[in-house]
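Visitor: just the structure for this:
(chains A and B)
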There are 2 protein chains.
Amino acid sequence: MAQNQSAPDATRRSERSRRAIYDAALALVAEVGYPKTTIEGIASRAGVGKQTIYRWWSSKADVLLEAFLDLSGQAAEAAAQDRPSADASPYGIPDTGDLAADLKHVLRATVDELRDPAFEAPSRALAAEGVVNEELGRRFVATLLEPQLQLYVDRLRSAQEAGDVRPDLDPRIALELFVSPLAQRWLQYTGPITYEYTDTLVDYALNGLAPR
Amino acid sequence: MAQNQSAPDATRRSERSRRAIYDAALALVAEVGYPKTTIEGIASRAGVGKQTIYRWWSSKADVLLEAFLDLSGQAAEAAAQDRPSADASPYGIPDTGDLAADLKHVLRATVDELRDPAFEAPSRALAAEGVVNEELGRRFVATLLEPQLQLYVDRLRSAQEAGDVRPDLDPRIALELFVSPLAQRWLQYTGPITYEYTDTLVDYALNGLAPR
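Guide: Numbering: from 1, shown residues only, chains lettered A, B, ... in the order given. I've put the predicted structure just below:
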């Protein structure tokens, strides 16, 4: 019996440690930046031994990427709860048949996420490091960004089948017309980030700049 | 007579020091990043006294922004020499009447600049700092990036007058459809940077994703 009880207790303890480590890693990188974040610093802030961290991860990059995955997962779950159940998958982009409306909906949610302080400071620290550290930048993109961009690829492919997007376009490039402007404004402070702005991006991208 | 000769000599010496300081600042920020770049380090690498730097600039941010302005100016001059003399201003975007061709021309030149090692390493260091340092990021954009973006605004306004771009579009947002994707690929390694890619961006942005 004692052993039967200890297994779930250990799991709960592990889960608590894991969450404390995520929180410590995100808070620390936001405060001191990626180069000065260390496994020792994360362990100390999380109130665990260094060995606990090394048991699960082999580097600070691994800890941080997993902490960000967890953070994004939480944001996606929260967004899914706000969304009508008729929508497709909980993590996907809605497919109501109205492409412009669906893209505007998701970009507005991204605006909210970008302005969320829990997300902003650690994300900026990781993104900044990715600009000068190609290996980390590429891991960051492959793990965190590209899976989200693939959701747009799927939505645009479905729109191509429905005849709402030209069949000859490459969806992976096409999505950049409305995703990248928002990303650049966030990364480089090139302009305000609002719902009106992202709505405008979708309209411009779908209809094009040239008169029809 | 002695005094008449010494004035141009002093100017030449100043000009030499100024260039040595620009080179040192750009090399240093590329090697150690913005936070570890110091006025002392720049002075030592340039072979000048700290006082020489403080006579002309009040902070390392000032030195670096001016060094980048000088670097961009050199790149623009080099590009202008490669360009047919029929084009508009030496620093502007050509206006041949073919909007797509003019935008593709300038974006191809930007691809060359982004891949130039003399430009890439220091620019990445400054851009990375701008992501986490809002004050510097905004100065960087206002001083270095926005004047370049305004050239696109001018070219799109001229295209609106010629009837090649919808009159109701905001040119400052419209330009982001082809400028920001290239910027994000450079900042975040989200995809390869080629002439074919920037040509495609221009075609997608002008014609739109929806069938015509």
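Visitor: and whichever residue of chain A sits closest to chain B, what pLDDT?
Guide: Nearest residue of chain A to chain B (CB to the nearest CB) works out as A:Gly208 at 2.5 Å. Placement of C-beta: from N, CA and C, glycine included. For A:Gly208, the pLDDT comes out at 98.
Visitor: what's the answer for A:Asp116, then?
Guide: The per-residue pLDDT of A:Asp116 was computed as 89.
Visitor: same check on A:Glu77?
Guide: 77.
Visitor: list the buried residues of the least confident helix or strand in chain A by mean pLDDT.
Guide: When the helices and strands of chain A are compared on mean pLDDT, DSSP states H and E, helix A:2-32 comes out lowest with a mean of 82. Neighbour counts over helix A:2-32 (16 or more other CB atoms under 10 Å in any protein chain shown) mark A:17-18, A:20-30 as buried.
Visitor: in JSON lines: these, plus distance to chain B.
Guide: Converted to JSON lines, those look like this (distance: CB to the nearest CB, whole Å):
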{"residue": "A:Ser17", "distance to chain B": "28"}
{"residue": "A:Arg18", "distance to chain B": "26"}
{"residue": "A:Ala20", "distance to chain B": "24"}
{"residue": "A:Ile21", "distance to chain B": "22"}
{"residue": "A:Tyr22", "distance to chain B": "20"}
{"residue": "A:Asp23", "distance to chain B": "20"}
{"residue": "A:Ala24", "distance to chain B": "19"}
{"residue": "A:Ala25", "distance to chain B": "16"}
{"residue": "A:Leu26", "distance to chain B": "14"}
{"residue": "A:Ala27", "distance to chain B": "15"}
{"residue": "A:Leu28", "distance to chain B": "14"}
{"residue": "A:Val29", "distance to chain B": "10"}
{"residue": "A:Ala30", "distance to chain B": "9"}
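Visitor: quick check: the farthest pair among these?
Guide: With CB to CB as the measure, no two of the buried residues of helix A:2-32 lie farther apart than A:Ser17 and A:Ala30, at 20.4 Å.
Visitor: leaving out chain neighbours, which residue sits closest to the residue most central in space within chain A?
Guide: Nearest residue to the geometric centre of chain A (CA atoms, centre = their mean): A:Ser72, 4.7 Å. Nearest non-adjacent residue to A:Ser72, counting by CB to CB, 6 or more residues apart in numbering or on different chains: A:Leu144, 6.5 Å away.
Visitor: shaky segments in chain A?
Guide: Applying pLDDT under 70 to chain A flags the ranges A:1-7, A:79, A:82-91.
Visitor: one more pass at 50, please.
Guide: Scanning chain A with the threshold set as pLDDT under 50 gives A:1-3, A:86, A:88-90.
Visitor: helices of that one, residue ranges please.
Guide: Secondary structure of chain A by DSSP state H: the helices cover A:2-32, A:39-46, A:50-56, A:60-81, A:99-114, A:117-132, A:134-140, A:146-162, A:171-174, A:176-188, A:195-207.
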